[in-house]
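Need coordinates for the following:
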Amino acid sequence: MNTHVEGPVLNAPEYKDEKGSDTSPTPPMTVEDIERSASAIEVDAATEARVLRKLDIRIVPMICWIYLMNFMDRGMYSLAINIGNAKLYGMEADLDIDPESNKFQLAVSILFVTYVIFETPSNMVIKRMKPARYLGGLMFLWGLVATFSAFVNNYASLLACRLLLGMFEAGLFPGVILYLSMFYNRRNVSLRQAAFYGTSAIAGGLGGLVAYAIGEMDGYAGWRGWRWIILINGIPTILTAIAVPFVLPNSPETAKCLTPEDRRVLLALRMKETGQTVSGQEFSKEDVMKGVKDWKVYAYAIAQFVGLGMLYSFSVFLPTIINGLGGGWSRQTVQALTIPVYVAGFLSYVIGAYYSDKTQQRGLFCITGLTVSMIGYIFLIADKGLGLSFAGCFVVALGLWVATGIAFSWIGVNNPRYGKRAFASGMQITIGNCSGIAAPFLYASDTAPEYKPGYGATIGLLALGIAIYIALHLYFRMKNKRKLSGQENWRIEGKTEEEIAEMGEENPRFQGLVEPYIWRDLEVLKGEHARRIAAALDSRDQRADFIQDLAIRYHDEHRDGIEDLNHFMGLMSRLRHLHVESPCPNNSEWQNGTIYFDGYSRIDYTNLLASSVYPRLDMQMALPALQSLTLHAHGSGNNKFTLGRGVAMFRHPTLRSITLSCLDFDTRSGGEFEVSEEETKSTPLQSLTLIECNVGVRFLDSILKLPKALKELSIGERLHTFDGCEPSMVPEHRTSSALFLTALQRQADSLQRLQHCGGHVNYLTPRDTDPEGAAKLRSLVSLEHLELGFESHLYYYLRTNGFPPALKSLKMLDSAISIHAGHDLRSLSDIAFRSLLSLVNECLPRSLAEGFILHLKFSDHSFFRLFEIADPTEQSHLLSALFFDRAATYKIASMLKSFSPPAHFLVSRENFPSGRSFIPPYMHGEELPVEEIMYNSEDFWRFNGIDYRMIDDESWRIQLKKGKKLLVCKRCRVRGLGVDECLSFGDGSACIPCRGVNVQGCEWDREEDGEPAGLADLEKAKA
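The predicted structure follows:
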């Protein structure tokens, strides 16, 4: 801060503990001093956890115990439960309450009259009166009232006690919610509030257990059971109240459990959040008035009216509801049956709060909670039997505490300034508690035991609450997107940084709890996107921590502005998945150590990896959470990817998956790197994919020394000139070198999936390059799935007694055959099927793994482009020419079935849903192919919904035509078409003309056109 700001002075006594002993002789500090000292602190995760643990030990158990006593004393929520239990133990008779009247409901609801009067004013004064002393004093007073409620002798005195109890208890719940927000930031507060608020669920079950036990004293010393229940629950409250001021700290600045350094850490954590300035945590009338004028405060409050109304009615009448289910249970059994319902509610709330903090989402959890509870009430109102109704009680509880509890966190974290937060949370609870006045009357005695009017009204109110929360959630998403796009920046024009920091939630840099959700997954397609994101990151650096998935895909014409992301790459401490597609890599400035993207917006991979993934030893580790990395270099030509310090990607301590494509690894100039003995088997890398790369076998040999347990390896070695890059023609540099399988053997114990396309060039005999190749391949004892191009030298080793012992599937890929066959479809098909027939007949071991699959995959893109524009008749001929070497297909399938155990045969092809195919890698958001099964030896022939059995086969048709067994369908006959035009076997499949007009099947005039062929004849023809 450039100017001195006069503020309240925190003298040394303020750092004394509550007993007055000087534990922190800190000199006087102004607000400015605190801000300056806190802002200079960089808080790591371990320090944050240590400080929060200290607070948790001191604060959380005590506030939970306070709320447990409050609930057991028939407190803000649970006082009604004990009355509900007491109703079963003679209260109505002692106080002359007519069971058919609404006096019982009035006694329950009158408590909330004084609640709603005193809750918001209590929040306005709690900080001035020292929170620990204030809460302890309230507890002592309501404990006295609760205890002496056991001595009331008439209905009027019961109502008076309830009014007093509501007055003293009104400040507890909103006070604790506000109190927790003073110590915990938005990322941690929800789980602590869950521990506090979830105690009501525990108390509900415990209240039933206590009532079950104390109720047995019914008649002891002339007292009915309800008096003993109230008396015994009230006394511990008074004793607890005495200890509260000595245990709970009043503020972070005076917490005796914290050192001065811990206090600065808490302030630093608070100041990292937009709007959480020290001065902003002081009470301000202006902030209160902003709350009064904010419509969202009242929206929260009305939605909470719905949730708390459900809570009060459910808590009060759960024993009565269970008793009315018709099970014929005793009083003790009814009390016992409430316990698992409350336990279920508590567990669901803790889980929901944990994930709410983890995902920084609140609205979605509130919406889900109310929806789940609505389903529970539908079960109850349906009244379809004891089991469904009792299950409904559990379903209501599963959503009840999640929806109402997380809503308290939601309103608090979206109001960073103390004055507005105090008013907002107070008003939320005040209006919410108004439901406690009306809720008991929803379950009038004359509607027992079905209570259908009450259930129906609750379902309607829940629908209202869901609608409000959905509207709030969508509003915040819209508002956050406006702030992210800069549309709200007009609010900060002409303001100083100090003034901007004091704007609270109106600050364009404050984006509420939906912000982490927006930033979690980013895709950059243009330089314009990059500029906008960089500006937003620059305005609030915390946003970089939200990014978990980042994809940068851009065409060269949209490159201007991409380099604006340079500064922020190393700040993404939680980035787990990085996907980069760009024009070719530029290695000219990698030694600079500061630039990720060069002036032409082409990504400098080497520097990106060296400086971010694995920096110099004197630099702090960047991208420490990275798990997967994908780099596509489009248009790289023959530019060498000089690894240099870029080899660090393979040494990264968290990186599990790496995919690289279109790169030419320069293994002759800086591409090799040494692996020390300590580094051997040291990294967590589990999957490595290289697509259309000039790999370099020495480079690969060094890499495979590093992973602890590599499970998947996919190598698409460049076989032809692609994208300006020519394949390496030096055998020693390719994977056909003997060094390749030697390197694979290092991962023999872990490697489960291997894909290899490439290998030898100029048709060099693999035997000449590695005589031990078959034995090495056979030594991969953990290999279960093998995918090979027909040109792969590994296929040669596989055929020469190199079959891995644990292999479960073998997939053969045709793409390279297509290239060498000049894209001649018949030649391609002939090569593939002849090779597989030879493999099955001569090379496969007769004993295979259970369920072994031989798989042929077609992926020739020139064929599919041709197929796309062909008419149905041409498609038929194309399919016949390429796929339907039926004799070979059935022979392969029958031979595999004769194996022990039987094996299966599959044929598939790559299918692009939009009909357009691309050569991999699929960059710039291009459509990814899906694999479509065409033939399965256990099932069917199928292609785009067409049954292969009716596709044209010339030899079969000639035989059937000679035997006069070909049929013409009625539609074709009417049109004057003969058997050569109809192309139907008469087996129930649609012929070519009928398919052209979307007719699913054909009908034949069997009397005029001879004997039907039928499926039986087709099977004979196949044989």
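
Run through the helices of the stretch 251-400 of the chain in chain order.
260-271, 285-293, 295-323, 331-359, 363-382, 386-413 (DSSP state H, counting those that start in this stretch).

Tell me which stretches of the stretch 551-700 of the chain form helices.
Using DSSP H, counting those that start in this stretch, the helices of the stretch 551-700 of the chain run over 605-607, 697-703.

Could I get the average pLDDT for whatever helix or strand comes next after the longest one?
Using DSSP states H and E, the helix or strand that follows helix 697-703 in sequence is strand 712-717. pLDDT averaged over strand 712-717 equals 90, rounded to a whole number.

Least confident of the helices of the stretch 551-700 of the chain, on average?
Lowest mean pLDDT of the helices of the stretch 551-700 of the chain: helix 605-607, a mean of 39.

who does the strand or helix carrying residue 228 touch, helix- and strand-wise?
Assigned by DSSP H and E, residue 228 belongs to helix 225-247. Applying 3 or more C-beta pairs under 8 Å, 6 or more residues apart in numbering; DSSP states H and E, one finds that helix 225-247 contacts helix 45-72, helix 79-86, helix 91-94, helix 131-148, helix 199-214. In short, each C-beta sits where N, CA and C put it, glycine included.

Nearest to residue 285, out of those?
Of all the helices and strands packed on helix 225-247, helix 131-148 sits nearest to residue 285, with 20.0 Å by C-beta to C-beta.

that older thread, which among the helices of the stretch 251-400 of the chain is found nearest to residue 632?
Across these, closest to residue 632 is helix 331-359 (C-beta to C-beta), at 30.2 Å.

What strand or helix carries residue 857?
Residue 857 belongs to strand 853-858, assigned by DSSP H and E.

Show me the contact partners of the helix or strand containing residue 891.
Assigned by DSSP H and E, residue 891 belongs to helix 886-897. Outside helix 886-897, the residues that touch it by C-beta atoms under 8 Å, 6 or more residues apart in numbering are 833-834, 836-837, 840-841, 852, 854, 902-905, 907, 935, 937, 953, 1022.

Go again with 7 Å.
Here helix 886-897 makes contact (C-beta atoms under 7 Å, 6 or more residues apart in numbering) with 833, 836-837, 840-841, 854, 902-905, 935, 937, 953, 1022.

Of those, which pair is most distant in space?
Spatial extent of the contacts of helix 886-897 (C-beta to C-beta) is set by the pair 902 and 953 at 26.6 Å.

Of these two, give the one with the bigger neighbour count.
residue 953 (21 against 14; other C-beta atoms under 10 Å).

okay, the helix holding residue 891 in PDB with CA atoms only?
Below are the C-alpha coordinates for helix 886-897, written out as PDB (Å, rounded to 0.1, in the frame of the first residue of the first chain):
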ATOM      1  CA  ARG A 886     -16.000 -65.200 -47.200                       C
ATOM      2  CA  ALA A 887     -14.200 -68.500 -47.600                       C
ATOM      3  CA  ALA A 888     -11.100 -67.100 -45.800                       C
ATOM      4  CA  THR A 889     -13.300 -65.500 -43.100                       C
ATOM      5  CA  TYR A 890     -15.200 -68.600 -42.300                       C
ATOM      6  CA  LYS A 891     -12.200 -70.800 -42.400                       C
ATOM      7  CA  ILE A 892     -10.300 -68.500 -40.000                       C
ATOM      8  CA  ALA A 893     -13.300 -68.500 -37.600                       C
ATOM      9  CA  SER A 894     -13.800 -72.300 -37.800                       C
ATOM     10  CA  MET A 895     -10.100 -73.000 -37.100                       C
ATOM     11  CA  LEU A 896     -10.100 -70.700 -34.100                       C
ATOM     12  CA  LYS A 897     -13.200 -72.500 -32.700                       C
END
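
do you know how far residue 354 is from residue 66?
Distance check for residue 354 against residue 66: by C-beta to C-beta, to the nearest Å, it reads 22 Å.

quick check, nearest of the contacts of helix 886-897 to residue 471?
Nearest to residue 471, judged by C-beta to C-beta, of these is residue 935 at 53.1 Å.

Surely that closest one forms part of a strand?
Yes: remark: residue 935 belongs to a strand, assigned using DSSP: H, G, I helix; E, B strand; the rest coil.

partners of it in the sheet?
With DSSP bridges as the criterion, residue 935 is bridged to residue 907, residue 941.

quick one, strands of the stretch 601-750 of the chain?
For the stretch 601-750 of the chain, the strands defined by DSSP state E, counting those that start in this stretch occupy 628-634, 657-661, 687-693, 712-717.
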